[in-house]
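S.K.: coordinates only, sequence not included:
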């Protein structure tokens, strides 16, 4: 019995196309407004929660500085996290985008916390378009791609209705091969 070894040549990583060189398509700028409105609403709610004890002490008649100054810490911490979240939304939005290539789809997000996810079309089991009430009013969709095994699921948020339908059609056509 003659066993011939199967060739398994090494691959040169320099020959692969780099994801940084891919042209990403942006998501809708209406999605940026929606995310900033969410940020603002959450900040008002958290600020109200942080300031409520201070206002109770202030208008409740107790004037102890030690008691009142204890409420500066939660407000200060909230301000720092609020600023970081705002910067992530503002500076990270231009980086948010997707690219469809011959064999896969890539989605990237973030400024401070960056994420780039690539899913091969061969791994996609099915896709789903979803909208919440605000997204529906703005004409935006979220495209969810579910993969085999569930570990590589991908969600592209902030797509215009027609763009989402076209992207889903491309993905459906490429997964049927």
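M.R.: Arrived safely. None of the values given here were measured: they were computed from a predicted structure.

S.K.: now the helix ranked longest in the chain: average pLDDT?
M.R.: For the chain, the longest helix by residue count, based on DSSP state H, is helix 29-59. For helix 29-59, mean pLDDT is 86.

S.K.: do stretch 94-105 as well
M.R.: The pLDDT scores in stretch 94-105 average 93.

S.K.: report the buried residues of the longest helix of the chain.
M.R.: 31, 32, 34, 35, 39, 43, 46, 50, 54, 57 (16 or more other C-beta atoms under 10 Å). Heads up, the C-betas are built off the backbone N, CA and C, glycines and all.

S.K.: does residue 127 have beta-bridge partners, and which?
M.R.: Judged by DSSP bridges, the bridge partners of residue 127 are residue 145.

S.K.: okay if I get the buried residues of helix 29-59 as CSV plus distance to residue 89?
M.R.: What follows is the buried residues of helix 29-59, written out as CSV (distance: C-beta to C-beta, whole Å):
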residue, distance to residue 89
31, 11
32, 8
34, 10
35, 5
39, 6
43, 11
46, 15
50, 20
54, 27
57, 33
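
S.K.: how many neighbouring residues does the nearest residue to residue 94 once chain neighbours are set aside have?
M.R.: Closest residue to residue 94 apart from its sequence neighbours, by C-beta to C-beta, 6 or more residues apart in numbering: residue 26 at 7.6 Å. When neighbours are counted by other C-beta atoms under 10 Å, residue 26 registers 14.

S.K.: please look at residue 152 and residue 125 and confirm they touch.
M.R.: No. The pair residue 152 / residue 125 is not scored as a contact, 10.4 Å apart, by C-beta atoms under 8 Å.

S.K.: those two: which is more packed in?
M.R.: Per other C-beta under 10 Å, whichever of residue 152 and residue 125 has more neighbours is residue 152, with 15 against 12.

S.K.: now do the contacts for the spatially most central residue of the chain.
M.R.: Residue closest to the mean C-alpha point of the chain, counted by C-alpha atoms, centre = their mean, is residue 109 at 5.6 Å. Taking C-beta atoms under 8 Å, 6 or more residues apart in numbering, we find residue 109 in contact with 92, 95, 96, 115.
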